[in-house]
Each structure stands twice: as structure tokens, then as C-alpha cells.
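[1] sharing a sequence plus its predicted fold:
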Amino acid sequence: MADTQAPTLTDSAAKRVAWIAERQNKPAILRLSVEGGGCSGFQYKFDLAEGQEDGDLVSETAGVKLVVDPVSLDLVSGSEVDFVESLGGAAFRVENPQAAAGCGCGSSFGI
């Protein structure tokens, strides 16, 4: 893991996190984690966080923090989190350079 890169937020994602956090009276901190499961082996999980925890890697875009725990970081290093709106709905999407496989839902991936 010598070449670990903190995942980042696009401006669109940062604006959406700030908007959600403001309405929930929470800090503008998005936690990205990875869980086993989903149609391709792993799935992304997003939560608003109260703060960062020991060992978290943190990146910041437009005043919004993205925090990732050390275990998940191995699977999302170098990724970019975007917020996209389409006819099918609106969602956070992860552009993960490590993902060898994905699925139509966009929230599941394989390495």
C-alpha cells in the first residue's frame, strides 16, 4: 500500500454533501466505506459523519471533508466521488480505478 491516494470529491458531490449536512444540522463530512456484498463482491456505503476517527484518511473539497477508514482505503485509493442526476434518479457515484468489474446499479464493484 505504498502508493495510497486519498479519494476525492467532485465539486458537484461536495455541494450535495454540504446541502444534506445543512438540512440535518450535521458537519459536512462524508464517510465512504466498503462492505462485502453487492452484485460484484463489494459495495460502497455513504454516511454523514460527526467527525473523523483515528486512522482515517481525509481529503477536502470546497470545505467538505471526505473520510475513509484504513481498511476501505485499500479498495478505494485514487477514487473520485461524484454526484450525478439523471432521469433514473440522483446518486453518489464512485469512479474507482481499481475496480475490475462493476454493475448497473453503480454501487457495487469487484477487484
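    Ah, there it is.
[2] quick check: which ranges of this protein have low pLDDT?
    Within the chain, the stretches falling below the threshold (pLDDT under 70) are 1-3, 38-40, 101-111.
[3] could you pick out the longest helix of it?
    Counting residues, the longest helix found in the chain (DSSP state H) is helix 11-23.
[4] name the strands paired with whatever helix or strand comes next after it and say parallel or antiparallel.
    Scanning the chain past helix 11-23 towards its C-terminal end, the next helix or strand to appear is strand 29-36 (assignment: DSSP states H and E). Within its sheet, strand 29-36 is paired with strand 42-48 (antiparallel), strand 64-68 (parallel), according to DSSP bridges.
[5] give me the sheet partners of the helix or strand hosting residue 90 and which way each runs.
    Take DSSP H and E as the rule and residue 90 turns out to sit in strand 89-95. Within its sheet, and counting by DSSP bridges, strand 89-95 is paired with strand 80-86 (antiparallel).
[6] relative to helix 11-23, how tilted is the strand it pairs with?
    Angle of strand 80-86 versus helix 11-23, following axes from the mean of the first three to the mean of the last three CA atoms, to 10 degrees, is 80 degrees.
[7] in the strand holding residue 90, which residues are buried?
    Judged by neighbour count (16 or more other CB atoms under 10 Å), strand 89-95 contains these buried residues: 92, 94. To be clear about C-beta, it is placed using only N, CA and C from the backbone, and glycine gets the same treatment.
[8] kindly report the same for stretch 26-46.
    Residues of stretch 26-46 classed as buried under the neighbour-count rule (16+ other CB under 10 Å) are 28-34, 38, 40, 42-44, 46.
[9] skip the chain neighbours and tell me the closest residue to the spatially most central residue of the chain.
    For the chain, the residue lying nearest the average C-alpha position, counting by CA atoms, centre = their mean, turns out to be residue 32 (3.9 Å). What sits nearest to residue 32 in space, not counting adjacent residues and going by CB to CB, 6 or more residues apart in numbering, is residue 68, at 5.2 Å.
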